[in-house]
Every structure is written in structure tokens, then in C-alpha cells.
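>>> Any chance you can model this:
(4 chains)
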Protein chains: 2
Amino acid sequence: MTKDFECMQESYAKEVLREKGLKSTTQRLAVVHILHMSEKLLSIGEIHGGVKDMLGNTGLATIYRTLEMFEDLGIVKRLHFPDGGHGYAFSQGEHVHHMVCVDCRGVFDFSECPAENFDYASVEKQGFRVKDHFIQLFGQCGKCVEAA
Amino acid sequence: MTKDFECMQESYAKEVLREKGLKSTTQRLAVVHILHMSEKLLSIGEIHGGVKDMLGNTGLATIYRTLEMFEDLGIVKRLHFPDGGHGYAFSQGEHVHHMVCVDCRGVFDFSECPAENFDYASVEKQGFRVKDHFIQLFGQCGKCVEAA
DNA sequence: TATTAAATGAGAATAATTTTCAATTAATCC
DNA sequence: GGATTAATTGAAAATTATTCTCATTTAATA
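Numbers count the residues shown, from 1 in each chain, chains lettered A, B, ... in the order given. Got it, this is the predicted structure:
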């Protein structure tokens, strides 16, 4: 039975976890919730803070473990900032890319893949086999453009 | 006067440094040398080790400072591994992208931009202004394909 | 060669991440 | 619903990564 207020992301995560024989713990679902609620990239510390607000004390190690696992499962994506830092965003499995606002760290995702029509044959000449790609756009979001 | 054995990368780096009023120190040039010689992504530790082999003792902080600066100058690029780690590759200023072999961590660069013909207008609907992009390909290099 | 601002080294300080292990909990089976 | 069990967690220590400080050194310039 599904709780009324359970969001799609939450049930999606549960499903993925169940398929892999992993447990849907309160902590893991809280991480999904926090990420899904956020309009910007969150650092480990911010996620930890958010989870603690929801559940009371929660070990930081759990957050690390959860995020690593979620990344492997394709539930979250780790994105990067120009300054070398990084943050996490919810990412629902399918092929999705992200734009990051360098001013407010807002994340915006889009499904059109910039490299969709690229002919990898041209870069595969020396025998390299492309298996995956990572694409992230940088720029300013609408609000920050106006504010500037 | 240019030393006979000075490589292009080294003189390129010197030029960029001079333009910005920064010093071409032995340590900085050693970092360029190490990176340029390497066929794979190097970690901070590996770069530090390489520089120490060339120059004798060298502070780790200098390596950090140098790499951060080089990244800002567009001389090196910080790339990422699926496992969350990262490494540095020489990157000569112009628009270049990298492929990383997930087996041997080899780096291969190419100049055709996969996103070259992408129409950013489609993702800029909500007012986001794309300023830059980060693209990195993952796969297996020829050697590792054969070895597998 | 003397001058000077920039850069370095050493190590302390801080931050980030991983590990360990006993206690807890979600899923499963009756 | 309660017992069972393997997975998961929390807490703290251990490890690793990064930054900072400041006295000393060095590259560029005149």
C-alpha cells in the first residue's frame, strides 16, 4: 500500500532498491526526499543536515554510503562546480543531463542529449570504444541573469 | 633563447604564465612536463611523486597551488572517474575534450566537440544561459579492449 | 648584480572520506 | 503479528585530501 504523499521519485527509488535486493530504509528514502525537494545541487553536508532535520540523528557515514550506492544505481548524479567542488542531484535513471547555475548552484535538467547526433566513429579511430559520456552545462539561470 | 629539448607544451605554458605576469618556476614547468609525458590521468599524488623524482623535495602544497592555477589558465583539465576519483590531464587551451579508459585510466583527447551542433536554444527556454560545457567520454582504449 | 614581488617548503590545521564493529532494522517466513 | 536473518546503521576512530601560515627562496626586471 502506497502512502498518499509518497512522491514518484520515492517509489521509483524503492522499486530500484527492491529489484537489487536492497532495503528501503528510512534514511535512504529521506535522502531521496531531500534531493528531490531541492532546486540546487546539494553537498554531502547539506544532505546530511536535511536528513537530520527529518529523522533526528543520522550518521554521516550513512549519507556517504547511500549516495555512493544511489550513484551506482543511477538514482543520483554527482555534478561538479568550476571551483572543484561537487554536489548531488536526483536523476531518474533515463538519459538526462544537467545544467548548473554557477551563481546560485541551481540545477536544471533536460533530456535532449547535446551529443546525440555525434558520430563517435571519428574519435574511435585508435580503437577506443566509447561506452558512456558525462555532459554538464554551466551558465546562469534566469533568476541570476536578471539579478546580475 | 629556447632550450633544444624544451617541448611545445612547456613553451606554451611559459607563454601563458608570462602573459599573466606569473613566474615560470622550476616546479611549475616540472608539472607541465610530468603531465605532458603521461598517457594517463594523474592524481595529485602521482604528480607530486613525478615532480619529486625530477627536482628532489617539493612541497605538496605547491602541487595543489600549481594545478589549481593551471586549471584556471586552461593548461590542465581535471577529469573524473566513475568511482568518484579525479585526475589531471594536460590540455592545450583550445577547445579539447577527453576520453578516459575506465580500465587503465588512459586519457585520449580529441578536438571534435560532440555538442558542436547542438542547439542550446532548446534548453535555454526557461532563461538559462549556457556559458560553458564539460564533456568527458568513458570507455575502453584499444589496448584494454584487446586485453579483455 | 641588486631589488622586489611572487612563489616555495614544511608542517600545522582543517576538511573530507572510509573503516570498524556492536547494535538496530527491514524483509521474509511462518 | 512475532521470530529469524542478513542488511544496514551510528558512533568514533582512522585515514586521506586539502588548505593555510609564515619564514625563506627565487624568477623577473632594471
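>>> contacts and neighbour counts: CA atoms only from here.
OK.
>>> Is the longest strand anywhere in chain A in proximity to chain B?
When chain A is parsed with DSSP state E, its longest strand is strand A:129-140. Yes. Using C-alpha under 8 Å from any C-alpha of the partner chain, strand A:129-140 reaches chain B at A:Arg129, A:Val130, A:Lys131, A:Asp132, A:His133, A:Phe134, A:Ile135, A:Gln136, A:Leu137, A:Phe138, A:Gly139, A:Gln140.
>>> Need those in TSV (columns: pLDDT and neighbour count).
As requested, these are arranged in TSV below (pLDDT from 0 to 100; neighbours: other C-alpha atoms under 10 Å in any protein chain shown):
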residue	pLDDT	neighbour count
A:Arg129	95	21
A:Val130	95	18
A:Lys131	93	11
A:Asp132	91	11
A:His133	93	13
A:Phe134	94	15
A:Ile135	95	20
A:Gln136	96	18
A:Leu137	95	23
A:Phe138	94	23
A:Gly139	94	19
A:Gln140	94	23
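>>> Name the nearest of those residues relative to A:Glu71.
When these are compared for distance to A:Glu71 (C-alpha to C-alpha), A:Phe134 wins out at 13.2 Å.
>>> if we can go back for a sec, I'd like the distance from the longest strand of chain A to the chain centre, please.
14 Å (C-alpha atoms, centre = their mean, to the nearest Å).
>>> show me where chain A has helices.
All helices of chain A, identified by DSSP state H, fall at A:8-19, A:26-37, A:44-55, A:60-73, A:142-147.
>>> How about the shortest one and chain B, any contact?
Yes. If you take C-alpha under 8 Å from any C-alpha as the test, helix A:142-147 does meet chain B, through A:Gly142, A:Lys143, A:Val145.
>>> Those residues of chain A touching DNA strand D, which are they?
By the rule C-alpha under 7 Å from any atom of the strand, the part of chain A lying against DNA strand D is A:21-23, A:25-28, A:57-62, A:65-66.
>>> what pLDDT does the residue most central in space within chain A get?
Taking C-alpha atoms, centre = their mean, the centroid of chain A lies closest to A:Ala89, which sits 2.6 Å from it. A:Ala89 carries a pLDDT value of 95.
>>> Beta-bridge partners for it, please?
For A:Ala89, the beta-bridge assignment (DSSP bridges) gives partners A:Lys77.
>>> do the same with A:Leu137
Applying DSSP bridges, one finds that A:Leu137 bridges with A:Met99, B:His133.
>>> Surely it is in contact with B:Arg129?
No. Using C-alpha atoms under 8 Å, A:Leu137 is not in contact with B:Arg129, being 9.5 Å away.
>>> Contacts only, for the closest residue to A:Asp132 other than its chain neighbours.
Spatially, and ignoring its direct neighbours in sequence, A:Asp132 is nearest to B:Phe138 (5.1 Å; C-alpha to C-alpha, 6 or more residues apart in numbering or on different chains). When contacts are counted by C-alpha atoms under 8 Å, 6 or more residues apart in numbering or on different chains, B:Phe138 touches A:Val130, A:Lys131, A:Asp132, A:His133, A:Phe134, B:Met99, B:Val100, B:Cys101, B:Val102.
>>> Identify the residues contacting the third one.
Which is A:Asp132. Contacts of A:Asp132 by C-alpha under 8 Å, 6+ apart are B:Leu137, B:Phe138, B:Gly139.
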